[in-house]
Structures are given as structure tokens and as C-alpha cells.
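Asker: no FASTA, just this:
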């Protein structure tokens, strides 16, 4: 089970949709098929939404619109069906920096977290990606997420796929990633921290 204090935005969206009663979920899907979207995005047809459960609906929203805009679209549809309290839970940012502060975390002055600050170099230079995934499994990543990252053919591609998840992590999750990097790539972390 993924650590509750380390929930991704996907998990937050899924948890929100699972709180909807069956009739509200049906109304939510109907609103999704009619919602006004930003230019360049297409509506998900109602036929594709009708028989999907909350986990599949979550994946459909995020794959169709991306994480940030998918959350925004879901929040708009929730407001449209008088579920503003649930919508607010999606759009209010987590209390990043208030829990799990560690060496690699961002500080109050807004300095980015180590894993955000050194994203490009970590993508190019981390070699033991599978080892990192094994260490993050069950505390930060679930099985499906691990398999998606492992399915990539090169280490840089695996790291890029992992970073698709990192953007939704709070500082507690990023600190765990940082700690694993210190264990698996100590010299790289020390070099990057010296910059």
C-alpha cells in the first residue's frame, strides 16, 4: 500500500471520485462529456465514460488531459454538480514543505527541491533506475507505476517516465527519492550538491 502521507495527485483524484455516490458519479461523467475545454483539447465522449469505474475514469482523465489540466477539468465538473467541497480538495495544493522536510527538500525561500533542481542531470546520469524503483515500491510507487517506468528501454527514458510521477509528489515523497538517490548514486548526489 502506498504511504498515505505520500499520495500523488492521481491518488487524490481517484480518492475523490471514489467518494461520489453512484448517481453523482453518473452525473459527473455526463458533465465531463459536455464541459468546455481549453483550445487543443477534445471532449471525452460519453460512450467512453459510461461504464468506467473510478480507477479507469481517473486514468482516462489524466491520459486525455494530462495531470494538471485533468485535475482542473475534474474540479470544474465537480463544481457543476454541486460538489464544490470535493473540487476544492483537488485544487488546493498540498502542504508542501510543512512535513517531511529534509536535506533535499525545498526551503521556505522557495529554492526548488534537489530532485526538481537537478532533474535534467539526474535523467541523464542515473543508471540504477530499477534499483531506485525497488526501493520506492510500496512507500511511494505502486506496482502499476513501477511497471510503467520499467517498461521503458533506456535508463534516461525510465527516469523521464519516473519524473512524470515526481511532479505530483509532495516533499515527503521527494525526500524519500532523494534518500534513495543518496544510497544508490552517492557520488552523483554529492557532486550535484557541490554545484
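Answerer: That came in fine, so what should we check first? It should be emphasised that the depicted structure is a prediction, and the values quoted were computed from it without experimental measurement.
Asker: rest of the way, CA atoms for contacts and neighbours
Answerer: Will do.
Asker: now the helices for the chain?
Answerer: In order along the chain, the chain carries the following helices (DSSP state H): 9-18, 22-32, 46-49, 54-65, 67-80, 84-91, 114-117, 119-125, 129-136, 143-150, 155-166, 171-184, 186-193.
Asker: who wins for proximity to residue 38 among these?
Answerer: Go through the helices of the chain one by one with CA to CA and the one that ends up closest to residue 38 is helix 67-80, at 9.1 Å.
Asker: and the angle for the closest one with helix 54-65?
Answerer: In terms of direction (axes from the mean of the first three to the mean of the last three CA atoms, to 10 degrees), helix 67-80 departs from helix 54-65 by 120 degrees.
Asker: May I have the phi/psi pair for the spatially most central residue of the chain?
Answerer: Centrality entry for the chain: nearest residue to the mean C-alpha point is residue 168, 3.5 Å, by CA atoms, centre = their mean. The phi/psi pair for residue 168 (degrees, to the nearest 10) reads phi -100, psi 0.
Asker: any idea how far residue 68 is from it?
Answerer: Using CA to CA, to the nearest Å, one obtains 9 Å as the distance from residue 168 to residue 68.
Asker: Output the lowest mean pLDDT helix or strand found in the protein.
Answerer: Least confident helix or strand of the chain, by mean pLDDT, DSSP states H and E, is helix 84-91 with a mean of 81.
Asker: Can you list the buried residues in that one?
Answerer: 86-87, 90 (16 or more other CA atoms under 10 Å).
Asker: wait, which of the residues you listed is closest to residue 46?
Answerer: Sorting the buried residues of helix 84-91 by how near they are to residue 46, with CA to CA, puts residue 87 at the top with 20.8 Å.
Asker: ok, now how distant is that closest one from residue 158?
Answerer: Plainly put, residue 87 is 32 Å away from residue 158 if you go by CA to CA.
Asker: go on, residue 62?
Answerer: The separation that residue 62 has from residue 158, given CA to CA, amounts to 19 Å.
Asker: Any stretches of this structure with poor pLDDT?
Answerer: Per-residue confidence for the chain (pLDDT under 70) gives these ranges: 1-7, 92-111, 195.
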